[in-house]
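[1] one predicted model, sequence on top.
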Amino acid sequence: MRLLIVEDNVELSRLLASGLMAAGYESDIVNSVAEARDALRSVSYAAMILDLGLPDGDGLSVLSELRRKNDPLPVLVLTARNGLQDRVNGLRSGADDYLAKPFALEELVARLEAILRRPGQLLGSSLKLANLVYDTESKQVFVDGSPYVFSARETSVLEILLRRQGRVVPKKNVEDHIFGLSGEVASNAVEVYVSRLRKLLTEHHARIIIHTIRGVGYLMAEEK
């Protein structure tokens, strides 16, 4: 699951990304309002951690723009502004939660998990389809109760398709989930990892099929 960290303190943003990776989250880091806008246009994120005091403007402007577009992206504001009116303004601007600095990483992760557990969001400790169960914490796949470990990128593809099972997932969303802002990606990279995942599912007798919706993306469903 990929997050966007918007934080101009380079050391803090790296510590955040490291702590979140230990908790099972991939992160992209940007340091300004302009970079946040570019990242949000380019990548589909599970959630955003947003500082307010940024060098080129107020982080609330990014939040307000999202909500004006009816974008439901979960946003946790993380800021040194800890007055009552600051918290009220942040929440009324559309923040899902508000955490003041200094903070404990364990609390931030717990708040993030609470946001992502809300109806319509993406977090769940296990995902099931047909005879397959995927444990999002251990990253293990179980087919008919037998455990298997897939590579990180095949697991990423499996997770995003399982979370949206029965629905078409655009190819760009799959690509973003795997690679984020990591740079140039081969034009057939997603197809390669989907193909590898199909092979693994077949080898382990998972009763699951991945449909390719030409020109659009992929749909995962139970094999009838």
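    Yes, it's here.
[2] wait, is residue 138 part of a strand?
    No: read with DSSP: H, G, I helix; E, B strand; the rest coil, residue 138 is coil and lies in no strand.
[3] can you give me phi and psi for it?
    Backbone torsions of residue 138, given as degrees, to the nearest 10, read phi -90, psi -10.
[4] how many residues are close by it?
    For residue 138, the neighbour count with other Cβ atoms under 10 Å is 13. No exception for glycine: its C-beta is placed from N, CA and C like everyone else's.
[5] quick check: buried residues in the biggest helix by length in the chain?
    Determined from DSSP state H, the single longest helix within the chain is helix 189-203. Using 16 or more other Cβ atoms under 10 Å as the test for burial, helix 189-203 gives 190, 193-194, 197-198, 200-201.
[6] distance to residue 52 added to the residues you listed, as JSON lines?
    JSON lines is the format used below for those (distance: Cβ to Cβ, whole Å):
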{"residue": "190", "distance to residue 52": "35"}
{"residue": "193", "distance to residue 52": "37"}
{"residue": "194", "distance to residue 52": "39"}
{"residue": "197", "distance to residue 52": "40"}
{"residue": "198", "distance to residue 52": "44"}
{"residue": "200", "distance to residue 52": "44"}
{"residue": "201", "distance to residue 52": "44"}
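[7] and the pLDDT for residue 124?
    pLDDT, residue 124: 53.
[8] where exactly do the strands run in this structure?
    Under the criterion DSSP state E, the chain contains strands at 2-6, 26-30, 47-50, 53-54, 57-58, 75-79, 97-100, 126-129, 132-135, 140-143, 146-148, 168-170, 208-213, 217-222.
[9] lowest-confidence stretch among those strands?
    For the strands of the chain, the bottom mean pLDDT is recorded on strand 126-129, which sits at a mean of 82.
[10] for that strand, packing partners?
    Here strand 126-129 touches strand 132-135, helix 152-163, strand 217-222, going by 3 or more Cβ pairs under 8 Å, 6 or more residues apart in numbering; DSSP states H and E.
[11] list the strands paired with that strand, with their directions.
    Strand 126-129 pairs in its sheet with strand 132-135 (antiparallel), by DSSP bridges.
[12] show me where this structure dips below the pLDDT cut-off.
    Confidence mapping of the chain against pLDDT under 70 gives the ranges 119-125, 181-184.
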